[in-house]
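Have a look at this prediction, sequence included:
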Amino acid sequence: MRIGIIPLIVAATFSAAQVQAQLIQHKEIGKQAATQPEKSALRDASRIGRTAGAKAPAFQELYDYEAKNETLTDALFPYQSFLHKAYVVMLAEQHILTRPEASTLLTGLKKVDSLAIQDPALRVYLPYEAALIKEIGSLGGKMHTGRSRNDLDNTTTRMLLRDRLLDIIAALIPFRESLLHKATDNLETVMVAYTHRKEAQPITLAHYLTAIDESFGKSLDRYIELYERINQSPLGSGATGGTSWPLDRKRVAGLLGFDKLVVNTIEGVAGWDHIAEFAFDNAVYLSAVSRYASEIQLWSTDEYQMAELDNAYAGISSMMPQKKNPDALERSRKAAANATGQLTAILTSLNAVEYQHSGARVPLEPKSLDAVLAATHAMTGVTTTLHVNKAVMLDYARKNFSTMTDLADLLVREKGMDFREAHEVISMVVNDALQQGKTADKITVDMIQNAAQKLLHKNITVTHQQLQDALDPIRSIKRKQGDGMPSPESVQKMISSSNKNIQDKKEWLHKKQTALQQSNVLLQTLLSTF
């Protein structure tokens, strides 16, 4: 956040390096707790039972953002303070203010900023202006020359959203990296892909994780595209019709780090599509996060036992000692609901308001943006520390009929059947196996021959080796080498492509962060001359 004027308490966020360092620390603390349960189990009343080890800070963030009571006014105030100073500099450069007047105003602004730290009422513009006039006299009223609260509020809102957008982008990049690191470690970890919550076909965990990464990559693209539309300055629009004062809109926009102007002054104060778009992007992204979390939650059930959350990201039961609850997953899914609610409220408010500045429009609340960050940080940690039960995953793939399409393909390829005939023969084989209490790996050549005779009145012959080759999920995966398919070679290509894409996004992020820092330095340098 670009705040060089006054301190502000903001929600804790974590860089990629910080997240990784914390995860390592959590693991070490967890190991120590496991060897010394009598000493560690009751240190923290919230960490009892099977998850007595240390809670990950990225997990705690899911609790902290809900308890946080930052208002939009509080979140906007540092930007308002920053804007005032840039605006005074521009007024002086345009000779609307004399340099002595600008210097007195800037001195007064510093005093009122200090008062506003202690008095939240002064973070609203008109009380702030009144306090400024009280400090330096009627000159304080000149600061507002040529502007309105309408363009002032819309500008500061864009500054806030711009910074939070960069925060989200900066969090989503290491989330994607955590998925790719986990995928690299599981290129040959066989599992079953599901459709309709029913077992479908064999894949690898790496194949699944690169699918999630591709989805998140599209969200990252949407956020980056949004940045250009948010980083436009409406300042100078006035109430809606502009002003006769010779403002230099481009100059003050540059001092505030904006890339361009919202040109039309009506659009400057009436435009709200960038806020709706931000809410939409959040809802789409977090819905994907929620789906991912939901699937891990399913895998980690006592019935599936395909994966287990690290203790640092699990919750407890106050009553049942055996419980290890998927709390980080559920709270991340809850954050997704928050984002969807914000989108609905914003769109509903726009549907019922005229195309003008209006207090009826619903803003994007800081808590909603904090929810995006909290879920992203938590799920990054969940992914990095997830314990995968490879043996159980492979056993499901071997026994639970996930290779039946391969078996049907065998009949098409080797026996010249059309696929629908082969599909029906293997369907009968599966039904026979289920009735006989057989798992997929116990299907025999005779069962296939009997089904073909009953359905098609044909004698077909497949060898035992052909049958075993078709039933083996490991071989099934290795045969699928096309673009985007689950063979290790195909998945490795996707990982390499995503890593290159992520590197490009890191460079974009660094460029935008540097540009904002440079504009900040320029303004601070100019302020020092008054």
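Here it is on my side, so go on. Nothing here was measured: the structure is a model prediction, and the numbers come from that model.

sec struct for residue 87, please.
Assigned state for residue 87: helix (three-state reduction, DSSP: H, G, I helix; E, B strand; the rest coil).

Verify the contact between it and residue 143 for me.
Yes - applying CB atoms under 8 Å as the test, residue 87 and residue 143 come out as touching, 7.0 Å apart. No exception for glycine: its C-beta is placed from N, CA and C like everyone else's.

Spatially central residue for this structure, please.
Central residue of the chain (CA atoms, centre = their mean): residue 376, 4.5 Å from the mean position.

Give the buried residues for the host helix or strand of that one.
With elements delineated by DSSP states H and E, residue 376 resides in helix 366-385, which encompasses its position. Within helix 366-385, the residues that qualify as buried are 366-385, counting by 16 or more other CB atoms under 10 Å.

Quick one: mean pLDDT over it.
Model confidence over helix 366-385, given as mean pLDDT, is 96.

Stretch 153-169 now?
Across stretch 153-169, pLDDT averages out at 97.

Only alpha carbons, please: show that stretch as CSV.
The C-alpha trace of stretch 153-169 is given here as CSV (Å, rounded to 0.1, in the frame of the first residue of the first chain):
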residue,chain,number,x,y,z
ASP,A,153,-14.1,9.9,-3.5
ASN,A,154,-14.0,8.2,-6.9
THR,A,155,-10.3,8.9,-7.2
THR,A,156,-9.4,7.7,-3.7
THR,A,157,-11.5,4.6,-4.3
ARG,A,158,-9.6,3.8,-7.4
MET,A,159,-6.3,4.2,-5.5
LEU,A,160,-7.4,1.8,-2.8
LEU,A,161,-8.7,-0.7,-5.3
ARG,A,162,-5.6,-0.4,-7.4
ASP,A,163,-3.4,-1.3,-4.4
ARG,A,164,-5.7,-4.1,-3.2
LEU,A,165,-5.7,-5.5,-6.7
LEU,A,166,-1.9,-5.6,-6.8
ASP,A,167,-2.0,-7.3,-3.4
ILE,A,168,-4.3,-10.0,-4.8
ILE,A,169,-2.2,-10.5,-7.9
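
how about the helices in the stretch 401-530 of the chain?
Secondary structure of the stretch 401-530 of the chain, counting by DSSP state H, counting those that start in this stretch: helices at 404-415, 419-435, 445-456, 464-471, 473-479, 488-527.

Of those helices, which is nearest residue 117?
Taking CB to CB as the measure, the helices of the stretch 401-530 of the chain were each checked against residue 117, and helix 488-527 came out nearest at 19.0 Å.

How about the contacts made by the closest residue to residue 387 other than its chain neighbours?
Counting by CB to CB, 6 or more residues apart in numbering, residue 387 lies nearest to residue 308, which is 4.5 Å off, once chain neighbours are set aside. In this structure, residue 308 makes contact with 300, 324, 386, 387, 389, judged by CB atoms under 8 Å, 6 or more residues apart in numbering.

at 10 Å what do you get?
Residue 308 is in contact with 296, 299, 300, 314, 324, 326, 385, 386, 387, 388, 389, counting by CB atoms under 10 Å, 6 or more residues apart in numbering.

got it, and residue 133?
Counting by CB under 10 Å, 6+ apart, residue 133 touches 108, 112, 139, 140, 141, 142, 143.

now the helices of the stretch 401-530 of the chain in JSON lines, with distance to residue 74, mean pLDDT and mean neighbour count?
Output for the helices of the stretch 401-530 of the chain, formatted as JSON lines (distance: least, CB to CB, whole Å; pLDDT from 0 to 100; neighbours: other CB atoms under 10 Å):
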{"stretch": "helix 404-415", "distance to residue 74": "57", "mean pLDDT": "95", "mean neighbour count": "19"}
{"stretch": "helix 419-435", "distance to residue 74": "61", "mean pLDDT": "96", "mean neighbour count": "17"}
{"stretch": "helix 445-456", "distance to residue 74": "70", "mean pLDDT": "95", "mean neighbour count": "16"}
{"stretch": "helix 464-471", "distance to residue 74": "62", "mean pLDDT": "96", "mean neighbour count": "16"}
{"stretch": "helix 473-479", "distance to residue 74": "53", "mean pLDDT": "97", "mean neighbour count": "20"}
{"stretch": "helix 488-527", "distance to residue 74": "21", "mean pLDDT": "97", "mean neighbour count": "15"}
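
among those, which is nearest residue 56?
Minimum separation from residue 56 across those (CB to CB) falls at helix 488-527, 22.9 Å.

Show me what that closest one is packed up against.
helix 72-93, helix 99-118, helix 149-184, strand 198-204, helix 205-230, helix 249-255, helix 473-479 (3 or more CB pairs under 10 Å, 6 or more residues apart in numbering; DSSP states H and E).

Nearest to residue 417 among those would be which one?
When the helices and strands packed on helix 488-527 are ranked by proximity to residue 417, the top entry is helix 473-479, at 18.7 Å, counting by CB to CB.

so how far is that closest one from its chain's centroid?
Average the C-alpha atoms of helix 473-479, do the same for its chain, and the two points are 33 Å apart (CA atoms, centre = their mean, to the nearest Å).

If you count contacts, what does that helix end up packed against?
Packed against helix 473-479 by the contact rule (3+ CB pairs under 10 Å, 6+ apart) you find strand 190-195, strand 198-204, helix 390-399, helix 404-415, helix 464-471, helix 488-527.

what's it in contact with?
Taking contacts as CB under 10 Å, 6+ apart, the residues outside helix 473-479 that touch it are 187-188, 190-192, 201-204, 207, 393-400, 402-403, 405-407, 409, 440-441, 468-470, 472, 485-491.

and what of stretch 506-526?
Residues outside stretch 506-526 that contact it (CB under 10 Å, 6+ apart): 1-5, 16, 82, 85-86, 88-90, 92-93, 159, 162-163, 165-166, 169-170, 172-174, 177, 220, 224, 227-228, 231, 252-259.

which of those are buried?
Looks like the contacts of stretch 506-526 have 1-2, 5, 16, 82, 85-86, 88-90, 92-93, 159, 162-163, 165-166, 169-170, 172-174, 177, 220, 224, 227, 231, 252-258 buried, using 16+ other CB under 10 Å.

List phi and psi for residue 307.
Dihedral angles phi and psi of residue 307 (degrees, to the nearest 10) take the values phi -150, psi 160.

Check the burial of it by counting its neighbours.
Residue 307 has 22 neighbours, counted by other CB atoms under 10 Å.

any idea how far it lies from residue 383?
11 Å (CB to CB, to the nearest Å).

quick one: common contacting residues for those two?
When CB under 10 Å, 6+ apart defines a contact, the residues bordering residue 307 and residue 383 alike are residue 296.

Break the protein down into its structural domains.
Here the domain parsing of the chain from automatic domain parsing is 16-68+150-232+260-394+497-527, 404-471.

Same list (the ones you listed) but as CSV, adding distance to residue 98.
Conversion of those to CSV gives the following (distance: least, CB to CB, whole Å):
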stretch, distance to residue 98
domain 16-68+150-232+260-394+497-527, 16
domain 404-471, 81
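
quick one, which of those is nearest to residue 99?
With CB to CB, the closest approach to residue 99 among the domains of the chain belongs to domain 16-68+150-232+260-394+497-527: 11.5 Å.

about what we covered before: confidence score at the residue nearest to residue 387?
Listed pLDDT for residue 308 reads 95.

remind me which residues of the stretch 51-200 of the chain are low pLDDT?
Across the stretch 51-200 of the chain, not a single residue meets the criterion (pLDDT under 70).

Nearest residue to residue 419 in space, please, no chain neighbours.
Counting by CB to CB, 6+ apart, the nearest residue to residue 419 once its immediate chain neighbours are dropped is residue 412, at 5.4 Å.

shouldn't the one you found be in contact with residue 422?
Yes - using CB atoms under 10 Å, residue 412 and residue 422 qualify as a contacting pair, with a distance of 5.0 Å.

So how do I select the buried members of the contacts of helix 473-479 in ChimeraX?
To isolate the buried subset of these in ChimeraX, counting by 16+ other CB under 10 Å, use the following:
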select :187,188,190,191,192,201,202,203,204,207,393,394,395,396,397,398,400,402,403,405,406,407,409,440,441,469,470,472,485,486,487,488,490,491
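
on that earlier part again, now the contacts of residue 308 in TSV, with secondary structure and distance to residue 356?
Output for the contacts of residue 308, formatted as TSV (DSSP: H, G, I helix; E, B strand; the rest coil; distance: CB to CB, whole Å):
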residue	secondary structure	distance to residue 356
296	helix	46
299	helix	51
300	coil	51
314	coil	50
324	coil	54
326	coil	47
385	helix	51
386	coil	50
387	strand	56
388	strand	55
389	coil	59
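
Thank you kindly, that will do.
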